[in-house]
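Engineer: make a model of this:
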Amino acid sequence: MKVVEACERSVVSIARFKPVPADQIHEEHKNFILQRHPREAREVDVQPNDFGAGCLISPPNLPDRLVLTNFHVVRGGPIFPKFIAEDGTELLVNFTDRRRCRGSIIAADPRSDLAVLQLDWEKSEIKPSDFPSMKWETAAAPRKGQFVVLLGNPYAIARDGSASVSWGLISNLTRQPISSSRNQFLEQDDVVKGAMLYRLGAVMQLDARLNLGLSGGAVLNLKGELIGVSTSLAAIEGYEQSVGFALPIDELTRRIIRTLLAGQEVEYGMLGIRPGDIGGKEFQGLHTGFKQQSAAAVIDVTPGSPADIAGIIPSDVIVEVERKPVLSKSDLMRMVGLNPPGSEIEVAVWRRSGRLSRLDLKVKLGKWPVLDDEGIIETTPRYAPWRGLSVDYPTARERFRDPSIDMRRVLITKVKANSAADAAQLQPGNFITHVNKIPVQTPAEFHAAVKKASGVVEIKLLGEPQSTIREIQQGRVVRIPETAIAE
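Structural biologist: Residues are numbered from 1 along each chain as shown. I've put the predicted structure just below:
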């Protein structure tokens, strides 16, 4: 009771209203009007297109209230600073006192299926301080067998703002909901295409059924701290609908939330290998001395990748990451991916080639590639464009990735029209190796170098892929003025 009383005002219901197509206006005229103007939709029997729940949380050391929810609940909604999308779609957020206001996406991450909304406080005449913020930064990591309280919006019954309550316990951790297309979900290529974390065993299993509308709801410990975000999508895409799933909030996933609160793209770490599973007699026959009965095998290593640089070779067996056991390739991909690119992690490797031995290697991670920008929403990029130029890690986008990875460069992802970079004929997909003869290998190094520069800046590009090996190595130099037209 005390947990519910303390936390229910921090849980909101979310409705996504999308205009009815023009050819259906006559048949559904009333619903069209209500959906086009959701602030006038006061009747609780109005059914939104999509619905779910969200948690009011605050950025570190700031008084504002933002809404943390599942991305699939709000996908297609307006992107901040707009509160109505181009096609008229609106997100309506309902509070426990029956007041409501529009919401707008400030950041979204398809891989974790999380999004953060900014609320239109000014037009709603509601103050952020009217509602408490969830405690989400300090709770201990969820534990197997722990009792939890859930607050959500099943079947959209919380359109009056009053969240429904259920309770249960954590049945297991790092679960992977079973899917009818299981093999497809676990292929390495699927990860590159944006495989969601729950397909890699990143969700916790609850002994409570999570029906439609409970996505984005709060999973609380008995202290009233937010330790998970419930999702019904995992059960929908699989067939384990008799149980519930939630993304746990621990130190690694808090990084994701902090990134979204800042309005930025969530980045994931990458080793640069093709992993496989090893277990049973094959693993036991290695006599590794590790207690586990399975691990992840290294099938291929991409030349020039972080794994290659660290000394990992094909046929190696990865048994631990950061001193935690790796039991499968899904374990490995999840444990690596939840760390940001540029971070250094410790990997325990059992080497099968030559003399059997254990190696403890330090690997500086690259960036897990994204197929394209679809679904990734960021309204406050980490770095402002420089002279119309935006850069990222060399592996940031799959469509620009080379068969072999050279980490000693940065990738041009965007070039603003009519900018100095555009005038210099730079294009997305170009790779930069030097700024004024200073080597740059990360976006941070690039921006540090250009910050020190003034006037015309000399940029060295890697040669085009169709060039000869010598031309690629020599590259070409481009001079970028401060404005589109040099004085």
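Engineer: give me the number of residues near residue 314?
Structural biologist: Residues near residue 314, counting by other C-beta atoms under 10 Å, number 13. Using the backbone N, CA and C atoms, a C-beta is placed for each residue, glycine as well.
Engineer: so it sits against residue 298, correct?
Structural biologist: Yes: using C-beta atoms under 8 Å, residue 314 is in contact with residue 298, at 5.7 Å.
Engineer: how is this protein divided into domains?
Structural biologist: Per automatic domain parsing, the structural domains of the chain span 1-267, 272-364, 384-480.
Engineer: from residue 331, how far out is the nearest residue to residue 363 once chain neighbours are set aside?
Structural biologist: Closest residue to residue 363 apart from its sequence neighbours, by C-beta to C-beta, 6 or more residues apart in numbering: residue 310 at 4.2 Å. Residue 310 sits 19 Å away from residue 331, going by C-beta to C-beta, to the nearest Å.
Engineer: go on, residue 429?
Structural biologist: 33 Å.
Engineer: how about residue 164?
Structural biologist: Counting by C-beta to C-beta, the gap from residue 164 to residue 331 is 34 Å.
Engineer: more neighbours: which of these two?
Structural biologist: The neighbour comparison of residue 164 against residue 331 (other C-beta under 10 Å) goes to residue 331, with 24 against 20.
Engineer: hmm, that one is touching residue 296, no?
Structural biologist: Yes: at 6.7 Å, residue 331 counts as touching residue 296 under the criterion of C-beta under 8 Å.
Engineer: packing partners for the longest strand belonging to the chain?
Structural biologist: Criterion DSSP state E: the longest strand present in the chain is strand 164-175. Identification of packing neighbours for strand 164-175 by 3 or more C-beta pairs under 8 Å, 6 or more residues apart in numbering; DSSP states H and E yields strand 147-152, strand 203-206, strand 244-248.
Engineer: distance to residue 384 added to those strands, as CSV?
Structural biologist: Compiled in CSV, the helices and strands packed on strand 164-175 are given as follows (distance: least, C-beta to C-beta, whole Å):
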stretch, distance to residue 384
strand 147-152, 38
strand 203-206, 35
strand 244-248, 31
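Engineer: out of those strands, nearest to residue 380?
Structural biologist: When those are compared by C-beta to C-beta, strand 244-248 sits nearest residue 380, at 22.8 Å.
Engineer: look up the residues forming beta bridges with the closest residue to residue 409 other than its chain neighbours.
Structural biologist: Nearest residue to residue 409, sequence neighbours excluded (C-beta to C-beta, 6+ apart): residue 431, at 4.3 Å. Per DSSP bridges, the residues bridged to residue 431 are residue 411.
Engineer: residues near residue 431, how many?
Structural biologist: 22.
Engineer: where does the stretch 201-350 of the chain dip in pLDDT?
Structural biologist: Applying pLDDT under 70 to the stretch 201-350 of the chain flags residues 233-242.
Engineer: now do the helices in it.
Structural biologist: 233-237, 251-261, 280-284, 306-310, 329-337 (DSSP state H, counting those that start in this stretch).
Engineer: so which helix or strand takes in residue 93?
Structural biologist: Using DSSP states H and E, residue 93 maps to strand 90-94.
Engineer: so how far is the helix or strand just after that strand off the chain centroid?
Structural biologist: Counting by DSSP H and E, the next helix or strand C-terminal to strand 90-94 is strand 100-109. Counting by C-alpha atoms, centre = their mean, to the nearest Å, strand 100-109 is centred 16 Å from the centre of its parent chain.
Engineer: and strand 100-109, what's its mean pLDDT?
Structural biologist: In this model, strand 100-109 carries a mean pLDDT of 96.
Engineer: how about the longest strand of the chain as CSV, C-alpha atoms only?
Structural biologist: C-alpha atoms of strand 164-175 as CSV (Å, rounded to 0.1, in the frame of the first residue of the first chain):
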residue,chain,number,x,y,z
SER,A,164,-3.6,-0.3,-12.3
VAL,A,165,-1.6,-2.2,-9.7
SER,A,166,-0.3,-5.8,-9.7
TRP,A,167,2.5,-7.6,-7.9
GLY,A,168,4.7,-10.6,-8.4
LEU,A,169,8.3,-11.6,-8.2
ILE,A,170,11.3,-11.7,-10.5
SER,A,171,11.4,-15.3,-11.9
ASN,A,172,14.7,-14.9,-13.6
LEU,A,173,17.2,-12.5,-15.1
THR,A,174,18.7,-12.0,-18.5
ARG,A,175,16.0,-13.9,-20.2
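Engineer: and that strand, what's its mean pLDDT?
Structural biologist: 89.
Engineer: again with stretch 448-466
Structural biologist: Computed over stretch 448-466, the mean pLDDT rounds to 87.
Engineer: now do the buried residues in it.
Structural biologist: Buried residues in stretch 448-466, counted by 16 or more other C-beta atoms under 10 Å: 449, 450, 453, 457, 459, 460, 461, 462, 463.
Engineer: with stretch 2-12 instead?
Structural biologist: Those would be 3, 7, 8, 9, 10, 11, 12, for stretch 2-12 by 16+ other C-beta under 10 Å.
Engineer: quick check: mean pLDDT of that stretch?
Structural biologist: Here stretch 2-12 scores 93 as its mean pLDDT.
Engineer: distance between the ends of it?
Structural biologist: End-to-end distance for stretch 2-12, by C-alpha to C-alpha, to the nearest Å: 18 Å.
Engineer: now that stretch, how far from the centre of its chain.
Structural biologist: With C-alpha atoms, centre = their mean as the basis, stretch 2-12 stands 27 Å off its chain's centre.
Engineer: residue nearest the centroid of the chain?
Structural biologist: For the chain, the residue sitting closest to the mean C-alpha position, by C-alpha atoms, centre = their mean, is residue 109 at 3.6 Å.
Engineer: give me phi/psi at residue 87?
Structural biologist: The phi/psi pair for residue 87 (degrees, to the nearest 10) reads phi -90, psi 10.
Engineer: do residue 199 as well
Structural biologist: phi -70, psi -10.
Engineer: hmm, it is touching residue 175, no?
Structural biologist: No: Residue 199 is not in contact with residue 175 according to C-beta under 8 Å; the separation is 10.8 Å.
Engineer: of these two, which one has the most company?
Structural biologist: residue 199 (24 against 19).
Engineer: distance check, that one against residue 338.
Structural biologist: As for residue 199, its distance to residue 338 is 14 Å (criterion: C-beta to C-beta).
Engineer: about what we covered before: nearest to residue 19, of the helices and strands packed on strand 164-175?
Structural biologist: For residue 19, the closest of the helices and strands packed on strand 164-175 is strand 147-152, at 26.6 Å, according to C-beta to C-beta.
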